[in-house]
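Q: Sharing a model prediction with you, sequence too.
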Amino acid sequence: MATTTGNPALLTALRSAVGKRNVLTSPRATARFRKGYRTGEGPAIAVVRPGSLVELWRTVQACVAADVSIIMQASNTGLTGGSTPDGDDYPGGLVIVSTTRLSALKVIRRGEQVLCFPGTTLYKLEQALRPFGREPHSVIGSSCLGASVVGGVCNNSGGSLIRRGPAYSQLALYAQVQSDGSLRLFNHLGIDLGDDPESMLARLDREQYTEADIDPASDRWAHDHSYAEHVRDIDSEVPARFNADPRCLFEAAGSAGKLIVFAVRLDTFAREDETTTFYIGTTEPDRLTELRRTMLRDFDTLPIAGEYMHAEAFDVADRYGRDMFFAIERLGTDRLPALFAAKSRFDGMFGNGLSDRLMQWSSKFIPDHLPGRIRDYRRRFDHHLILKVPRDQVDAARKLLGELFPGTAQGDHFECTAQEGAKAFLHRFVAAGAAVRYRAVHRGEVEDIVALDVALPRNNREWVERLPADLAARTIHTLYYGHFFCQVFHQDYIVKKGTDPLAFEHALWALLDARGAQYPAEHNVGHLYVARPELARFYREIDPRNQLNPGIGHTPRGRDWTGYYGEHP
C-alpha cells in the first residue's frame with residue numbers, strides 16, 4: 001500500500017499551503033520519497049514539497065493540527081532509513097515533508113560563516129564558498145550525493161576531515177511541537193528577525209536582514225571547537241565521535257528529525273590548497289596504529305584526512321563502483337542529485353534494482369580507472385591508507401612514513417600526483433555504495449546487507465575485526481573502510497541467502513560491546529540501531545509529543561511516548 005487512508009481536510013490545507021502540484025499522493029509520484037537509499041520503506045498520506053520557509057511553517061502547522069506523524073526529508077541519501085517510512089503503523093498516518101526546494105544559502109560575516117536552509121546541499125555550499133577561499137565542514141564523501149547541510153547537523157554526521165569532528169552548531173532556527181500539541185518557533189540563529197513566526201520566516205526567505213542584524217553570538221558555537229584536542233587524547237577509553245555522545249546533542253544538533261529545522265548558521269574554514277597526499281600499503285596493521293598514534297600525539301598540526309580501505313572493500317568498490325567513479329569524475333558532482341532522482345523514478349516504473357543491473361552491465365565498457373601504482377599496491381598489500389597533510393607537515397610525514405613503511409614487503413608508501421590523490425580518494429568514496437550495487441546484481445545469492453558504522457575507543461590498538469568462524473561462514477563479503485584517525489569504521493557485511501540479517505547483526509553488536517565500541521558513529525540510528533538511553537532521552541526532551549519521526553532508534557511510536565520506559569526505550 002503506497003498511501004494511507006486519505007485525509008481530505010488535511011490535503012486541502014496542504015494544497016493551500018504549497019500549491020496543488022507540490023502535494024504528491026499517487027504511488028508513482030511518491031515512490032522515490034517513501035523508499036530509503038539503502039533500507040526502509042512504507043506508505044504515506046502525501047509527500048509535500050514547500051518552496052519557502054513560510055510554506056514549510058504552514059505545512060507543519062497543518063500536520064500538527066491534524067495530528068499526523070511527520071518525517072522531514074532532504075535528499076534521501078541516508079544509510080540507516082532515518083528519513084523514510086519504516087512500516088505502516090505511524091499514529092494518524094504519515095506525511096513526508098521534502099525540503100529539496102528549500103536550497104537557499106547566504107554567506108555572511110565576510111565568508112567566515114554561512115546560513116543554510118533545510119535543503120541546501122554540501123555541494124552547493126562548497127561552490128558558494130570557493131570565491132572566498134573557504135570550505136564547509138565536509139568536502140569529501142556524501143557531498144557528492146547531494147546530502148544536505150542541515151541533515152548533517154541534525155545527524156551529527158562526521159566525515160573525512162580529521163580536525164573538524166561531527167557537524168555541529170548551536171545556532172539554529174527551529175520549530176518544536178509542544179506537549180500540548182501546539183507549534184512554537186525558536187530563533188537561536190543570533191539574527192534579529194522580529195517576533196511573529198511568519199514575518200520572521202518571510203524575512204529569511206527574502207534576505208531582509210543586514211550584517212548589522214547578525215550578532216557575533218560568541219557564547220554559542222557554530223562548529224565543535226574542542227574536537228581537535230579531543231581526538232588527540234589517544235589514551236581515552238571513549239571513542240572520539242559517535243551519535244549518542246551527549247557532548248554533541250544540542251537543540252538542532254543531533255535532533256534526527258525530531259525538530260523542524262528552518263535554518264542553521266555554521267562556521268566555514270580556510271581552504272588549504274597546498275597539500276600532499278601519500279598512499280600507504282601494509283600487511284601489518286600495527287604499523288598503521290603506530291602512524292596514527294604518533295601523528296595525533298606528537299605532530300604540531302593534525303593531518304587533514306586519513307582514509308582506510310581493506311583489500312576486500314577495494315576489490316568490491318573496483319568492480320561495483322566503477323560506473324559511479326566514472327560518473328563523478330567525468331560529469332561532476334553537481335549532476336548527481338538529478339541522476340539519482342531519475343534512477344529512483346526509473347526503478348519506480350520498471351522494478352526495483354533494474355537500474356543498478358543496467359549500470360553494472362554498462363561498467364564493463366569503462367576502461368581501467370585506477371592508476372598503475374595504486375593497482376600495484378593492491379597486489380602487494382591488504383591494508384591501504386590515503387593520508388593528506390598540509391604543507392607544513394610534509395617533511396615530518398615523509399620522515400615518519402620512511403621509518404614505518406620503508407619499501408619492504410611489510411609496508412611501503414608513495415607521494416601521489418594530484419591525479420593519483422584525487423582518484424585514490426574517489427575510489428575510497430565509491431566503496432560506500434558498492435555493497436548496495438552488489439546486492440542488486442546478486443539478489444539470488446544475497447539475503448541482505450548488514451551495515452554498521454562503528455566508533456572504536458581512542459586508546460584502541462586492535463582495530464582489525466576478526467569474525468568468529470560461524471559468522472564468517474555466513475558472509476559473501478566483509479567490507480571494511482573508514483576514517484582511520486578518528487577510529488570510525490564502516491563495516492558492510494554482505495550475507496548469504498538464508499541468513500537471518502537481524503540475528504547476524506545482533507551477534508555483531510555483542511562483539512562490538514565487548515570491544516568498548518559505540519555505534520552508530522555518524523550515520524545515526526535510523527531504524528536499524530537501538531538508540532542508547534541518553535540519545536532516547538534527548539529525543540523525548542525535544543519532541544515531547546512524539547509527532548516527528550516517531551519510532552526512530554526503535555523508540556515507541558505512540559503519542560506522548562506511550563510505551564517509553566526511561567532507561568530502556
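A: Yep, that arrived.
Q: shaky segments in this protein?
A: 1-6, 140-146, 332-341, 343-345, 347-352, 564-569 (pLDDT under 70).
Q: Looking at it, which helix is longest?
A: Using DSSP state H, we find that the single longest helix of the chain is helix 418-441.
Q: How far away from the center of its chain is that one?
A: 16 Å (Cα atoms, centre = their mean, to the nearest Å).
Q: buried stuff in that helix?
A: Neighbour counts over helix 418-441 (16 or more other Cβ atoms under 10 Å) mark 420-421, 423-441 as buried. Backbone N, C-alpha and C define where each C-beta goes, glycine included.
Q: Point me to the helix or strand that includes Gly482.
A: In the assignment (DSSP states H and E), Gly482 maps to strand 475-483.
Q: ok, back up a step: how far off helix 418-441 does the helix or strand that the longest helix of the chain is followed by point, in degrees?
A: Toward the C-terminus, helix 418-441 is succeeded by strand 446-455 as the next helix or strand (DSSP H and E). Here the directions of strand 446-455 and helix 418-441 differ by 140 degrees (axes from the mean of the first three to the mean of the last three Cα atoms, to 10 degrees).
Q: what does strand 446-455 rub up against?
A: Applying Cβ atoms under 8 Å, 6 or more residues apart in numbering, the contact partners of strand 446-455 are 38, 79-80, 239-242, 435-436, 438-439, 476, 482, 486-499, 501, 504-505, 508, 512, 517-523, 528.
Q: try 6 Å this time
A: 239, 242, 435, 439, 488-495, 497, 499, 501, 504-505, 517-523 (Cβ atoms under 6 Å, 6 or more residues apart in numbering).
Q: What of stretch 226-235?
A: Arg163, Gly165, Ala240, Arg293, Leu296, Arg297, Leu302, Arg458, Asn459.
Q: ok, now with 7 Å
A: With contacts defined as Cβ atoms under 7 Å, 6 or more residues apart in numbering, stretch 226-235 is touched by 162-165, 240, 293, 296-297, 302, 458-459, 485-486.
Q: list the buried ones in that stretch?
A: Tyr227, His230, Val231, Arg232, Ile234.
Q: Tell me the one among those nearest to Gln208.
A: Closest approach to Gln208 among the buried residues of stretch 226-235 (Cβ to Cβ): Tyr227, at 34.7 Å.
Q: Okay, that closest one and Ala240: tell me how far apart.
A: 8 Å (Cβ to Cβ, to the nearest Å).
Q: same deal with Glu126?
A: According to Cβ to Cβ, Glu126 stands 24 Å off from Ala240.
Q: Between those two, which is the more surrounded one?
A: Between Glu126 and Ala240, counted using other Cβ atoms under 10 Å, the more crowded position is Ala240 (28 against 18).
Q: wait, doesn't the more buried one sit right on Arg458?
A: Yes. Assessed by Cβ atoms under 7 Å, Ala240 is found in contact with Arg458 at 5.5 Å.
Q: joint contacts of those two?
A: With Cβ under 7 Å, 6+ apart, Ala240 and Arg458 have common neighbours Gln487.
Q: What are the buried residues along stretch 553-562?
A: Neighbour counts over stretch 553-562 (16+ other Cβ under 10 Å) mark Gly553, Thr555, Pro556, Arg557, Trp561 as buried.
Q: Can you tell me the number of residues neighbouring Gly516?
A: Residues lying near Gly516 (other Cβ under 10 Å) number 14.
Q: swap in the one 3 residues further on?
A: Counted with other Cβ under 10 Å, the neighbours of Tyr519 add up to 27.
Q: any idea how far it lies from Asn459?
A: Here the criterion is Cβ to Cβ. By it, Tyr519 lies 18 Å from Asn459.
Q: any idea how far Gly181 is from Ile494?
A: Computed as Cβ to Cβ, the Ile494 to Gly181 distance reads 45 Å.
Q: let me redo that: His223
A: His223 sits 35 Å away from Gly181, going by Cβ to Cβ.
Q: which of those two has more neighbours?
A: Shown here are His223 and Gly181; by other Cβ under 10 Å, His223 has more neighbours (21 against 13).
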